[in-house]
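[1] Show me the folded form of this:
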Amino acid sequence: MAELFDLYVDQFYSSIGVYGATITFLRTPSKPSPPGSAPQSTEVAVIRMSGEHLKTMVYMLKKQIEGAEEQLGVSFPASYRVLNELKIAPEDWEKFWRKE
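    Sure, this is the predicted structure:
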């Protein structure tokens with residue numbers, strides 16, 4: 001059996017094609033970058049799966065997050081700065097997380 005790995009990540013990017021999906025997880029350095037230079041993130045894991053698996057996983061994660069927020073009485077908000085950097089309109093964010 002493969003050895004389980006435990007990693008911390010704070011960035012990701014993904015790609016989806018007709019044959020499957022890839023999510024690449026990255027970690028920013030623990031020390032600040034020199035002034036005027038961008039932090040150099042390190043790839044720590046690449047996960048490949050079918051598009052169907054990815055879509056099912058996103059659905060299950062959304063339900064689990066909603067359940068945790070309800071059970072714990074907390075919210076895991078994303079700041080407008082984060083949404084802006086990801087080019088996510090606040091109204092799209094709210095629509096995605098709206099309870100039906």
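[2] Now do the SS call for the closest residue to H53 other than its chain neighbours.
    Spatial nearest neighbour of H53, excluding adjacent residues (C-beta to C-beta, 6 or more residues apart in numbering): A21 at 7.7 Å. C-betas here are computed from N, CA, C, even on glycine. With DSSP: H, G, I helix; E, B strand; the rest coil as the basis, A21 sits in strand.
[3] May I have the beta-bridge partners of A21?
    As for beta bridges, A21 partners with I16, M49 under DSSP bridges.
[4] how near is it to K55?
    Separation of A21 from K55 (C-beta to C-beta, to the nearest Å) stands at 9 Å.
[5] Comparing the two, which residue is more hemmed in?
    Counted by other C-beta atoms under 10 Å, A21 and K55 do not tie: A21 has more neighbours, with 18 against 13.
[6] coming back round to it: residues contacting the residue nearest to H53?
    Taking C-beta atoms under 8 Å, 6 or more residues apart in numbering as the criterion, A21 is in contact with S14, S15, R48, M49, S50, G51, H53, L54.
[7] Touching, the third one and T24? I think so.
    The one in question is R48. No: contact status for R48 versus T24: not in contact, 9.8 Å apart, counting by C-beta atoms under 8 Å.
[8] Mind splitting this protein into its structural domains?
    The chain breaks down into these domains under automatic domain parsing: 7-49, 51-100.
[9] if you average pLDDT over the longest one, what comes out?
    Along domain 51-100, the predicted confidence averages to a pLDDT of 93.
[10] From the chain's centroid, how far away is it?
    Domain 51-100 sits 10 Å away from the centroid of its parent chain (C-alpha atoms, centre = their mean, to the nearest Å).
[11] could the domains of the chain be laid out in TSV, adding distance to M1?
    Shown next, in TSV, are the domains of the chain (distance: least, C-beta to C-beta, whole Å):
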stretch	distance to M1
domain 7-49	18
domain 51-100	21
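[12] Put the alpha carbons of the longest helix along the chain into PDB.
    In the chain, with assignment by DSSP state H, the single longest helix is helix 51-72. C-alpha atoms of helix 51-72 as PDB (Å, rounded to 0.1, in the frame of the first residue of the first chain):
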ATOM      1  CA  GLY A  51     -14.200  15.000 -14.700                       C
ATOM      2  CA  GLU A  52     -17.100  13.000 -13.200                       C
ATOM      3  CA  HIS A  53     -15.000  12.300 -10.000                       C
ATOM      4  CA  LEU A  54     -14.000  16.000  -9.700                       C
ATOM      5  CA  LYS A  55     -17.600  17.200 -10.100                       C
ATOM      6  CA  THR A  56     -18.800  14.700  -7.500                       C
ATOM      7  CA  MET A  57     -16.000  15.600  -5.200                       C
ATOM      8  CA  VAL A  58     -16.900  19.400  -5.400                       C
ATOM      9  CA  TYR A  59     -20.500  18.600  -4.600                       C
ATOM     10  CA  MET A  60     -19.600  16.500  -1.600                       C
ATOM     11  CA  LEU A  61     -17.100  19.100  -0.300                       C
ATOM     12  CA  LYS A  62     -19.700  21.800  -0.600                       C
ATOM     13  CA  LYS A  63     -22.200  19.800   1.300                       C
ATOM     14  CA  GLN A  64     -19.600  19.000   4.000                       C
ATOM     15  CA  ILE A  65     -18.600  22.600   4.400                       C
ATOM     16  CA  GLU A  66     -22.300  23.700   4.700                       C
ATOM     17  CA  GLY A  67     -22.900  21.000   7.300                       C
ATOM     18  CA  ALA A  68     -19.800  22.000   9.300                       C
ATOM     19  CA  GLU A  69     -20.800  25.600   9.300                       C
ATOM     20  CA  GLU A  70     -24.300  24.800  10.500                       C
ATOM     21  CA  GLN A  71     -23.200  22.300  13.100                       C
ATOM     22  CA  LEU A  72     -20.400  24.500  14.500                       C
END
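[13] Kind regards, and thank you for your time.
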